[in-house]
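J.: Dropping the sequence and predicted coords here.
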There are 2 protein chains.
Amino acid sequence: MTEKSSPLALSNQLCFAFYSMSHAFGRAYRQLLEPLDLTYPQYVVLIVLWEQDGLTVKDIGDRLFLDSGTLTPLLKRLETMGHIRRMRDREDERQVRIMLTESGRSLRERAKDIPEHVGCMLGLPPGELRALNQQIAELRSRLHDSIPSPAKPELAAKGRSRT
Amino acid sequence: MTEKSSPLALSNQLCFAFYSMSHAFGRAYRQLLEPLDLTYPQYVVLIVLWEQDGLTVKDIGDRLFLDSGTLTPLLKRLETMGHIRRMRDREDERQVRIMLTESGRSLRERAKDIPEHVGCMLGLPPGELRALNQQIAELRSRLHDSIPSPAKPELAAKGRSRT
DNA sequence: AAAAAATAGATTGCGCACAATTTAAATCCC
DNA sequence: GGGATTTAAATTGTGCGCAATCTATTTTTT
């Protein structure tokens, strides 16, 4: 077995393909988001809130597969920038709700061309993009299902019990 | 246009698919690598060195699309753990060469079943895995080609001039 | 030969991402 | 009603990942 065909060869590691591609996306988005003074994770959080305002930190974490250790500092920075407000839920004070401000809402208009920009960079027809998106979402589910973890993403934990 | 079919909808963001999948890989590998006391990026660097010992920091950076700000601290930790040695090149003192120690070489034997483990988690036939790997590598090249950057990965810069 | 330019690696600063732990609030059980 | 358990968010600690800058060395240009 040559080095190139070894299961350990770098070029055979699907994980590295995703790792490096994710960083390449990060670098591409960094330039497109720089005029909005946003980082890529901040932009992703705003996308979630543009779809549905008033979500809790847990809601956002479930959608993005991120935990509160990552989200709390990030949301505090967005609040400092004036794009959101963080408020304890009146009915359940364990929960913090995230509301968009006028400034946060207005960023959506400025961001609306970004996906098309990136689509041009990739040169991927919409049908292929959707197919790849769907394939990756399925693989992600399988990985999530396979990871024994106390803080499992909600949708993976449904219907499953752990011993 | 409904929220779900908007170009800004989270479920339509290929970047988020890669971002979240990369993190899912990280979590999966964390458990498999914990017995070897390695982080995922350290493991990826070792994979490169198992293929070819004695590479420079720049060589490793080119292979992994990482810069020296990321690699230098990581390599120092691997050195502290006793898995590698860092040495200035005798002929060109700008370059630092990375040599595996006996400890670093022996980790390869312990790591050899990890890709199969992950393959089981994904449930992807080898042919599909290779096809996906190749498709992602192609997309990564296109993204790299599209990013105007002073520190462009070497292979993207070949044959291209910038004005 | 000497100055200028380029290259390689290291450092600084900042923003994540995650595991583990802590704090506060809500729910459940006796 | 009160204690035990669970849940949500925050905090602590650590390891990246990147941009910008700095230092040292090599190469190129004058």
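T.: It's in.
J.: A:Leu129 contacts B:Leu14, doesn't it?
T.: Yes: contact status for A:Leu129 versus B:Leu14: in contact at 5.8 Å, counting by C-beta atoms under 8 Å. For the C-beta atoms, the positions are set from N, CA and C on the backbone; glycine is no exception.
J.: what about A:Arg90, is that helix, strand or coil?
T.: coil (DSSP: H, G, I helix; E, B strand; the rest coil).
J.: Give me the neighbour count for it.
T.: Residues lying near A:Arg90 (other C-beta atoms under 10 Å in any protein chain shown) number 8.
J.: how much space is there between it and DNA strand D?
T.: 13 Å (C-beta to the nearest atom of the strand, to the nearest Å).
J.: got the contact list for that residue?
T.: Not one residue lies near A:Arg90 by C-beta atoms under 8 Å, 6 or more residues apart in numbering or on different chains.
J.: Looking at A:Leu129 and B:Leu14, which is more packed in?
T.: B:Leu14 (20 against 17).
J.: show me the contacts for the most centrally placed residue in chain A.
T.: Nearest to the mean C-alpha position of chain A, by C-alpha atoms, centre = their mean, lies A:Leu64 at 4.5 Å. Contacts for A:Leu64 (C-beta under 8 Å, 6+ apart) come out as A:Val44, A:Val45, A:Val48, A:Leu71, B:Phe16, B:Ser20.
J.: again, only using 7 Å
T.: Taking C-beta atoms under 7 Å, 6 or more residues apart in numbering or on different chains, we find A:Leu64 in contact with A:Val44, A:Val48.
J.: Which parts of chain A are strands?
T.: Per DSSP state E, chain A has strands spanning A:84-88, A:96-100. These are given in chain order.
J.: Output the first one in PDB, but only the C-alpha positions, please.
T.: So the one you mean is strand A:84-88. The C-alpha coordinates for strand A:84-88 follow below in PDB (Å, rounded to 0.1, in the frame of the first residue of the first chain):
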ATOM      1  CA  ILE A  84     -29.100  43.000  19.300                       C
ATOM      2  CA  ARG A  85     -30.500  43.300  22.900                       C
ATOM      3  CA  ARG A  86     -30.200  40.400  25.400                       C
ATOM      4  CA  MET A  87     -33.200  40.100  27.900                       C
ATOM      5  CA  ARG A  88     -34.000  37.600  30.500                       C
END
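J.: Name the residue of chain A with the shortest distance to DNA strand C.
T.: A:Gly69 (2.9 Å; C-beta to the nearest atom of the strand).
J.: Could you measure from that residue over to A:Gly61?
T.: For A:Gly69, the distance to A:Gly61 equals 10 Å [C-beta to C-beta, to the nearest Å].
J.: cool, and A:Asp67?
T.: A:Asp67 is 6 Å from A:Gly61, by C-beta to C-beta.
J.: Looking only at neighbour counts, state which of those two leads.
T.: Ranked by neighbour count (other C-beta under 10 Å), A:Asp67 and A:Gly61 place A:Gly61 first, with 20 against 13.
J.: Wait, A:Val57 touches A:Val96, no?
T.: Yes: judged on C-beta atoms under 7 Å, A:Val57 makes contact with A:Val96 at a distance of 5.0 Å.
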